[in-house]
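Participant: Return a 3D structure for these sequence lines:
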Amino acid sequence: MAQTIYGLCTLTSLACAWMLLTSYRRNGVRLLFWSGLCFIGMSVNNVLLVLDKLVFLQVDLLPLRLASALAALLLLLYGLIYENK
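Facilitator: The predicted model follows:
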C-alpha cells in the first residue's frame with residue numbers, strides 16, 4: 001500500500017509542476033515559474049522518499065530528502081519575495 005501512495009504523491013507533484021510550467025509558458029507570470037520549480041523539487045523529494053523507504057533500506061537518505069525539500073521551498077520563497085510582477 002505504501003508503494004502506491006508514494007507513487008501517487010510523486011505523480012501528483014510532477015503533474016502540478018507540468019501544469020504550472022505550462023501555464024507560465026502561456027501567461028508569462030513569473031510566480032508560476034517559481035512555483036513550478038518548487039514542485040519539481042518536491043517531485044525529487046518524493047522520488048528520494050521512494051528510494052529511501054522501498055529500494056535502499058540499509059541507506060538513510062533523509063539528509064538528501066531534507067536538502068531537496070529545502071531547495072524547493074527556497075526557490076518558491078525567492079519567487080515570492082523578489083518577483084514584483
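Participant: for this protein, longest helix please?
Facilitator: helix 2-27 (DSSP state H).
Participant: Which of the residues in the following helix or strand past it are classified as buried?
Facilitator: Next helix or strand after helix 2-27 toward the C-terminus (DSSP states H and E): helix 30-50. The neighbour-count check on helix 30-50 (16 or more other CB atoms under 10 Å) flags 32-50 as buried. In short, each C-beta sits where N, CA and C put it, glycine included.
Participant: Tell me which other helices or strands helix 30-50 touches.
Facilitator: Judged by 3 or more CB pairs under 8 Å, 6 or more residues apart in numbering; DSSP states H and E, helix 30-50 is in contact with helix 2-27, helix 62-82.
Participant: Could you pull up the mean pLDDT of the last one?
Facilitator: Mean per-residue pLDDT for helix 62-82: 95.
Participant: Please name the nearest non-neighbouring residue to residue 2.
Facilitator: residue 53 (6.8 Å; CB to CB, 6 or more residues apart in numbering).
Participant: Over to residue 21?
Facilitator: residue 36 (3.8 Å).
Participant: Contact partners for the one you found?
Facilitator: 17-18, 20-21, 24 (CB atoms under 8 Å, 6 or more residues apart in numbering).
Participant: Low-confidence bits of this structure, can you list those?
Facilitator: The model of the chain has pLDDT under 70 over residues 85.
Participant: re the thing from before, tell me the most packed of the contacts of residue 36, by neighbour count.
Facilitator: residue 20 (21 neighbours; other CB atoms under 10 Å).
Participant: ok, that one touching residue 40?
Facilitator: No - using CB atoms under 8 Å, residue 20 is not in contact with residue 40, being 9.2 Å away.
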